[in-house]
Structures are given as C-alpha cells and as structure tokens.
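Asks: Give me the fold of what follows.
(one chain, ligands or ions: 1)
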Amino acid sequence: MRLAETDARIEVADQEKTRVELLEGQLEKLHSELAQKGSDAELHDIQTGVLSDANDTISSLTVELNSIREENASLKNEIESFKTQLNDVKNNDERLVVLEKERLFLESALKDLESKLSISPEAVSELSTLKVECKYLSDKVENLQLLLDKATKQADQAVIVLQQNQDLQREVDKLEATLEEANIYKLSSDKLQKDNELMQQKIKLLENSLEKSDEDINSYVQLYQQSVNEFQDTLNILQKGSKKKTLDEPVEDMPWEFWSQLLLLIDGWALEKKISVDDAKLLREKVWKKDKSISDIYLACKGQNEDEAISSFLGLTSSATSPGLHVIHIAAEMAPVAKVGGLGDVVCGLSKALQKKGHLVEIVLPKYDCMQYDRIGDIRALDVVIESYFDGQLFKNKIWVGTVEGLPVYFIEPHHPDKFFWRGDFYGERDDFRRFSYFSRVALEFLLQAGKKPDIIHCHDWQTAFIAPLYWDVYVPKGLNSARICFTCHNFEYQGTAPASELESCGLDSHHLNRPDRMQDNSAHNRVNSVKGGVVYSNIVTTVSPTYAQEVRTAEGGKGLQSTLSTHSKKFIGVLNGIDTDIWNPATDPFLDVQYNANDLQGKSENKEALRRKLGLSSEDVKRPLVGCITRLVPQKGVHLIRHAIYLTLELGGQFVLLGSSPVPHIQREFEGIANHFKNHDHIRLILKYDESLSHTIYAASDMFIIPSIFEPCGLTQMISMRYGAVPIVRKTGGLNDSVFDIDDDTIPSQFQNGFTFLNADEKGINGALVRAINLYQNDPESWKQLVQKDMNIDFSWDSSAAQYEELYLKSVTRGRATKRA
Ligand SMILES: Nc1ncnc2c1ncn2[C@@H]1O[C@H](COP(=O)(O)OP(=O)(O)O)[C@@H](O)[C@H]1O
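Replies: Here you go, the predicted model:
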C-alpha cells in the first residue's frame, strides 16, 4: 500500500515537475518578448502586471518547487529503500514458499468448507431436531430447577432438623456417658465393696498372723526364760564349784558380768529375730562353756555396729550349724512312679526342691503292683521284715528301697492276706480306708524300727492323714518323738471317712478320737474323718494355694470342715504348688518329637503337626488353633463345661484334644459317647485313658489349654501348659486364681497378665474367654506369640514354694524344741 501511495506521489511530483518546466518555459518566453518590445507603456503596464503576477507565481512556485524537490528527494530515498525491501522480500524464497503453501492449504480448506456446506441441508434438519430436543431438555431443566429449588428448601429444612438431631444426639451421648460413668461408679463401688471384704479378710489374716507371731514371741520368751533358768542353775552349780575351786584354782579371767552381758546380747538378737534360734543356741552354748573364741569375738566387736557384730558372731556358728532338716514324706503317690494326679507331682517336686536346699529328704510309699517300675533306680528288697499291728495282730512287711528322680524312696510291701497293694490300681477300692490306715501305721513302725529321728514327718491327703493321730497317740509313747507333723490337704473333697470303729484296726482309740474336737466327722457323728484328724493332730496344716485356703473356710468350699479349719486357722496356710521344671521342660522333654524353647517356637509347631498326624486330625490349616485339655473327668473339673468347650471350639474354627479318664461310671460313659461321635472327625479327638507320655505331647502341641474347674485347690495343668507355651483359659477359682491372670484385666499389672479367665461356671462364662482367646490367636499373631513367650518364661519351679515350706518347718521345729524344754 505504501508503495502504491509512493508511486502516486511520484506521479504527482512528476506532473508538478512537468508543470514547473512548462512555467519555466513560459517565463523564458516572456523575458524574451519583453526584451523585444522595449518601452511600450501599455505593454509596460501589462508587462509590469504580468511581471509582478509572474514574479508572485514564480516565487510561490519556486517555494513549492523547492518543497516538492525536497519531498521528491525524500521520496526517492524512500522509493530506494522500498525497492531494496521489495528486493529482499522477493529474494526471500522460503517465506514465499511457506506463504504459497499456506495459501494452498487455505484453498483446500476452503474447498472442504464448501463441500461441507453442500451437505448442510441434512445437518440443518438434524439441527432442527436437536433444537427441538434442546428445547424439550431445557424445559426439563427448568422443571428440574424448580424441583431442585423445592428440594433445596426441603434440604435446608432437613439440615435444620439434622442439626436439631445432632444436638439431641449430643445430649443422648452426654446422658450415655453419664450413665457409663454411673455404671463405672457402680462397678467401682461394687469393687470397692469387694475390696473392702478382701481387706477385711486380709485384716483378719493379719490379726491371725499377729496373734501367731505373738504366740511365737511367747514361745521365744519361754525359751529364753527357760535358758535363763537353766543358765541360772548352771551358774549356781558353777558358783558352788567355784567357791570350792577358789582354794585350789585361779579365778577365770573374765568376770561373770562379762559372760552374762554376752548371753543377754545373744538372747536379745534371737528375740529380735536378728539371728536364728539355732544360731542363738550354738552361741549360747559357747558362752556357757566360756569358750575363748566367743569372748575374743565379743572383745573385738567393741566399737563395731550391730550388723558387723552379728556377722562376726555368726562366723562362729557357720561351721557348727546342722546341715539341714531331716524331712520324711509319707504319701500314697509320687510322680512319676505312682501318680494319679497333682499329689504325685507335689511329693516329687517339693522333695527335690528341699533336697536341693540341703535338707535330708526321704519318701515312704506303698509298693503298688501297678507302679512304673522302670522309673525306679536300683530297686531292691532289704533283708529285713517289719512287723506291724493291724486288726489286733502283727503282719509282716517287706521293705524295698530305690531311687526316684534322685530321691531315696522306701516302698512298703505288706504281707497281708488282703493284698492291699496288689489291686492293679492305686485307689477306688472298697477297702481304701483299711488299705491306707494300714499303710500309715506300718510307715511309722518302719521309721521307729529304723531308728530314724526326723525333724519333720510330712503326710499328704486323707490316705496318710492317719499319721498325725497315730504319731502322737501311739508312736511318741514308743519313742519316735523327734518330729513335728506337717499335713497337706491337696483336696478337701476327699476326706476319708468311715464308721468310727474302723479306726481301731490300725490301733487308734475310736472312743478317744470320735469326738467333735478330734476326728469325728462334722456331718455324721458315728463316723470318723481322716482329714479332720490330720488337721487337728498336725503342727502345720497346709493346702495348695492361698485362694483355696480362703475358700475352704467357707461353707461352700470347706465340704463340712470349715469350722474345724477356722478353729485351727493359726496353723493353717495356703502355699501355692510349683511344678517339677526338670520333668516339665520342653527344651529337654524326651517324650517330644522336637524339643523347643521360648526363643525357638518352630519346634512347638512341629509338635502340633506331629500330634495331628498321630491322632489323625486334619493338618490342612496350620493356623487352626489347637485347644488341649488333660484332666481327671470328675465333677470338680467342670465336665459339662469341658463338653461345651469341645463343641464351641469346633464352631469357632479350632481343634480340640482331650486326654482324660473318669472314675465316675456315668461320666466315663458320657465321654465315651462323645469320643465315638467324633471318632473320625477332622478336628476333635477324645482319648479316654491315663497316658503320661501322650500328656507331654499334648501340652507341647496345644496353642491353648482349657481348665473350667468348678473348684481347683491348686491345679498343675495351667502351670505345665504355660511352660509348654499353651495359653491357659481357666475359671477364676482356687490355685487357678493365684496363677492365671487375664490379659484384659486392667487391675492386674501387665507383666503378670498371662491367660484368659472367667468367673461364672456356665456356658456364657466360658464362651467369653474362649472367644477372646481364639480371636487373639487368629487376628493378632504377633501379640499371641509374645504371650506364649511370656508364659514360657514364668518361673513355676518349686523354689519359692519350697522356701515357704522350709520356713514353716523351721519355725515348727523351733517351737517344738521350746515346748519340749518347757
Ligand atoms: N489322663 C491323664 N493322662 C496323663 N496325665 C494326666 C491325666 N489326667 C491328669 N493328668 C496329670 O495329672 C496332673 C493333674 O494335676 P492337677 O491339675 O493338680 O489335678 P488333680 O490333682 O486334681 O487331678 C497333671 O500333671 C496332669 O498332666
């Protein structure tokens, strides 16, 4: 466009130039005419006029010409530059080519549009339908909008209602929280009440032990007074002697005052329980003898504090103290040679633990025909016959000796026509009362004839409770009088009662003993009760757990003996049993396919697999929990709950293995029925017999172990199962309550939580615990593993229980010596 404009302007300029050239021509013509005509006036006027006009025109034209020239020059320049630009553009082929291409593209696009335009009539019709549809839709949208507006209004209202609801909900929540608080408060007040009751029981216990310790102190005082008296006597004798001696012997170095002060110092320590009675006795004897070693120590101790002085004095006694106590257990069972239940385990476990503590421990057992003779080391008959009284006659008895678990054991074989221990069974005979009263008598006869002087005779359960009255009434007069009697009742359900006259057989005086304060049964006055005799005539009476010791003082738990136990409560105490951790040790157990420990649980899984194979149970699901139960099938063990647990375990996806047998025919029959019902079942197996080795493999294979006892004096199976990594599910009663603590019970410190417990002896109770256990096993394997490891590491050994027995024995022995001197 600018080029065209410039061209136009050039054209105009050219025209102007031509005009200027024309005017220049005219001007020259006029100049020449002027020169020709000369002084003509008109001409002069004209000439002047024309000249001035021409001059004006010329000057204006000159100005114009000059400006045009300038413009022309600039235009020329511009033209030149445009030309160069034009040349540049023309030279720029590429851009031209691109533009050409663009042009072609636009052309083809144009053609496209044209062709599309040619089919547009169809589109137009479609467009019109669409328009109709669109109209219809927009109507609909309008309707919907209306509906939406309406709905929005309703929603607004709903929101208001919702808010009101939420306010209400908050109110309800608050009320519920208050209700919960009230419930918690109620529970805690219930708990408080229970705690109060417990506290009162504890206070009572404390009062009892206070009274007991008063009694102890009194006995010590008596002992002390007696020693003072004895000392006084000696002193008198010595004084008399010394008066005599003054004439021919030099007076002792130290004045009497010195020795008396020393004596009082020792007695003070003994009374203040800073040294044991035995040590005090030894030190006192040294003072008595005016032993130089003790006077030296006394002098050397001046300026030392009391503790240092005591330890210096005790240095004198350590070499002289007796090696320990001589304890003899007389029992009807001892594991593993003659075991029916927990009693056998206790006799063996406690004896081993006491032996380890340095005491001399011996055991006297009947020589049953059905014993596990292969578990007795070096059994042999002694070349001796012990004659023992029974039914007014003397009967011969053979004495066998052998070792069981490293302990010395005496087996008594009666040569009596009734073949008391040749019955193929331990108990359950019609004449059990006679069998065991016979055995109790011959056991004491043996001790007497063997010249034994035990410090403690420990008898167990009704079978050997006869020992207590026999000892005091028959054997002390015969000279077997060194011992104190300890009686442990492992289960107050079995009391050994019989018509009073039956006592006569073993030499006890039924008239003397059949009295309410002696052996008379509390519910049948013409009968005597062996356990009652044990309680009344023993120096120490124990049972097998602290909770059970409380329970048996109630009408429900005491089975008729509650009043007797209350009367003798000062000497009655519950000591929780331990287990023999050498026998029950998964790391060394020879009965297991694979030994294992808490840090290596792979072996436990392998034992589970092995048991499944052995019993023909399905191994398909490794994670299916295995619930074990090993028990005597008697009502005490909650047989109806065991039966329920079998079905419940199946329902919950577990497997159940029961090992048990029943002395009660209808229970045995019932379980035989269940066993047959599940004979070839994939997940349930009932083995109705006593089988020691199988019991070990079941403990090892089980993930859980169920003990729903109605009452349980101590129970060992929960401890054994924990040691083998089977988590116990138990009813809170007796010893179970003292050894199993629920993992969900916040009142128990977490380090003690080790199993699942329930209180009510019904299906609902057991359901709760079993469901919780299986849930944890299936849903939280890590927590389960930690629980298993924690259980396996708990110390259930006899160590602490044996220490308690040791203390009871020692106190009783001390008291016995004090009484003898008095
Ligand atoms: N059928 C059985 N086979 C093998 N051992 C059994 C059988 N029944 C019980 N036991 C064992 O007997 C002991 C039971 O002791 P405990 O729990 O105190 O019950 P109780 O003394 O009342 O029978 C455990 O060592 C247990 O393993």
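Asks: Helix or strand with the lowest mean pLDDT in this protein?
Replies: helix 93-245 (a mean of 64; mean pLDDT, DSSP states H and E).
Asks: ok, then the element right after that helix?
Replies: Sequence-wise, the next helix or strand downstream of helix 93-245 (DSSP states H and E) is helix 256-271.
Asks: That next one packs against which elements?
Replies: Helices and strands touching helix 256-271, by 3 or more Cβ pairs under 8 Å, 6 or more residues apart in numbering; DSSP states H and E, are helix 93-245, helix 277-288, helix 292-301. From N, CA and C alone the C-beta is placed, and that goes for glycine too.
Asks: in that helix, what's buried?
Replies: Phe258, Trp259, Leu262, Leu263, Leu265, Ile266, Asp267, Trp269, Ala270, Leu271 (16 or more other Cβ atoms under 10 Å).
Asks: Dump the residues you listed to a markdown table, plus pLDDT.
Replies: Shown next, in a markdown table, are these (pLDDT from 0 to 100):
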| residue | pLDDT |
| --- | --- |
| Phe258 | 83 |
| Trp259 | 83 |
| Leu262 | 85 |
| Leu263 | 82 |
| Leu265 | 85 |
| Ile266 | 86 |
| Asp267 | 79 |
| Trp269 | 83 |
| Ala270 | 77 |
| Leu271 | 73 |
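Asks: Can you tell me which of those residues is closest to Ser801?
Replies: Nearest to Ser801 among the buried residues of helix 256-271: Ala270, at 27.2 Å, using Cβ to Cβ.
Asks: wait, the closest one sits on Leu264?
Replies: No - at 10.6 Å, Ala270 does not count as touching Leu264 under the criterion of Cβ atoms under 8 Å.
Asks: Reformat the buried residues of helix 256-271 as TSV; add distance to Val63.
Replies: Formatted as TSV, these follow (distance: Cβ to Cβ, whole Å):
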residue	distance to Val63
Phe258	162
Trp259	164
Leu262	159
Leu263	161
Leu265	154
Ile266	156
Asp267	157
Trp269	151
Ala270	154
Leu271	153
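Asks: Nearest to the ligand among these?
Replies: Nearest to the ligand, judged by Cβ to the nearest ligand atom, of those is Ala270 at 39.5 Å.
Asks: Which residue, other than its chain neighbours, is closest to that closest one?
Replies: Closest residue in space to Ala270, ignoring its immediate chain neighbours: Ala280 at 3.6 Å, by Cβ to Cβ, 6 or more residues apart in numbering.
Asks: does the one you found really touch Asp267, like I thought?
Replies: Yes - shown here, Ala280 and Asp267 form a contact pair, counting by Cβ under 8 Å, at 6.8 Å.
Asks: Quick check: the residue of the stretch 551-700 of the chain found nearest the ligand vs Pro586, distance?
Replies: Closest to the ligand within the stretch 551-700 of the chain is Ser695: 3.7 Å, counting by Cβ to the nearest ligand atom. Using Cβ to Cβ, to the nearest Å, Ser695 is found at 13 Å from Pro586.
Asks: Who has more neighbours out of the two?
Replies: Pro586 (23 against 18; other Cβ atoms under 10 Å).
Asks: My read is that the more buried one contacts Arg723, right?
Replies: Yes - the criterion here is Cβ under 8 Å, and Pro586 meets it with Arg723 at 6.9 Å.
Asks: joint contacts of the two?
Replies: Tyr699, Met792 (Cβ atoms under 8 Å, 6 or more residues apart in numbering).
Asks: Burial check on Leu448, number of neighbours?
Replies: That count, for Leu448 with other Cβ under 10 Å as the rule, works out to 16.
Asks: Need phi/psi at it.
Replies: Leu448 adopts backbone torsions of phi -60, psi -50, taken as degrees, to the nearest 10.
Asks: What of Pro454?
Replies: Per degrees, to the nearest 10, the backbone of Pro454 is at phi -70, psi 150.
Asks: where's it relative to the ligand, distance?
Replies: 26 Å (Cβ to the nearest ligand atom, to the nearest Å).
Asks: likewise Lys292?
Replies: 56 Å.
Asks: Now for that residue: which residues touch it?
Replies: Lys292 neighbours (Cβ under 8 Å, 6+ apart): none.
Asks: Tell me, how many residues neighbour Glu16?
Replies: Quick note: Glu16 (other Cβ under 10 Å) scores 17 neighbours.
Asks: Make sure it is indeed in a strand.
Replies: No - under DSSP: H, G, I helix; E, B strand; the rest coil, Glu16 sits outside any strand and is assigned helix.
Asks: The ligand contacts on this protein?
Replies: 341-342, 345, 630-632, 659-661, 690-692, 695, 714-717 (Cβ under 6 Å from any ligand atom).
Asks: now with 8 Å?
Replies: 335, 339-345, 490-491, 544, 577, 630-632, 634, 636-637, 659-661, 687, 689-692, 694-695, 699, 707, 712-718, 720, 735 (Cβ under 8 Å from any ligand atom).
Asks: Could I get the pLDDT score of the residue nearest the centre of the chain?
Replies: Geometric centre of the chain, nearest residue: Asn754, 3.0 Å, by Cα atoms, centre = their mean. Note on Asn754: pLDDT of 98.
Asks: cool, Glu712 as well?
Replies: For Glu712, pLDDT reads 97.
Asks: Can you name the residues that contact Gly653?
Replies: Gly653 touches Arg624, Pro625, Ile774, Gln778, counting by Cβ under 8 Å, 6+ apart.
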